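Asker: Generate a structure from the sequence data that follows.
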Amino acid sequence: MTILTLRIRGAFCYSICMSAHIRKELSNARLDIATGIFKLLSDPTRLKILWALLHGEHSVGELAEDVGVKPAVVSQHLAKLRMSHMVRVRRAGTKIFYSAENDHVLQFIEHAFTQADHIKSGEHK
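Answerer: Numbering: from 1, shown residues only. Model (predicted):
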């Protein structure tokens, strides 16, 4: 609890009590989901796939070329990312395209790599 004291025109003094941090309750369900996300993203190939998707929608073949692995490997990783609501699919005729599920996924990946840049450059000190 933080107490702010305001003095108005020298004579009057008001105190306001405020919570220093407003937080949502950390339920076991939220903790389990967040833990699952971090476990899922601990694989470098999945991070490379999501990095590529930061730059727009891709087919499996395009992702395989960007990431440097076989299309079958990309498909396996995409299946896991889809089940975890990290990527979504769009069909256009016979082609299938993948993109990030939402802006939260994109921001999460951007923030992870921004933090990596800070650590690598020594800015974290």
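Asker: switch to C-alpha atoms for all contacts and neighbour counts from now on
Answerer: Fine.
Asker: For the most centrally placed residue in the chain, report the pLDDT, please.
Answerer: What sits nearest the mean C-alpha location of the chain, by C-alpha atoms, centre = their mean, is residue 108, with 1.9 Å. Per-residue confidence at residue 108 stands at 94 (pLDDT).
Asker: Distance-wise, check it relative to residue 56.
Answerer: Distance, residue 108 to residue 56, by C-alpha to C-alpha, to the nearest Å: 15 Å.
Asker: Kindly report the same for residue 101.
Answerer: 11 Å.
Asker: can you check residue 112 too?
Answerer: 18 Å.
Asker: Mind jotting down where the strands sit in this structure?
Answerer: In the chain, the strands defined using DSSP state E lie at 2-8, 12-18, 58-59, 87-92, 95-100.
Asker: For the chain, give me the ranges with low pLDDT.
Answerer: 1-22, 124-125 (pLDDT under 70).
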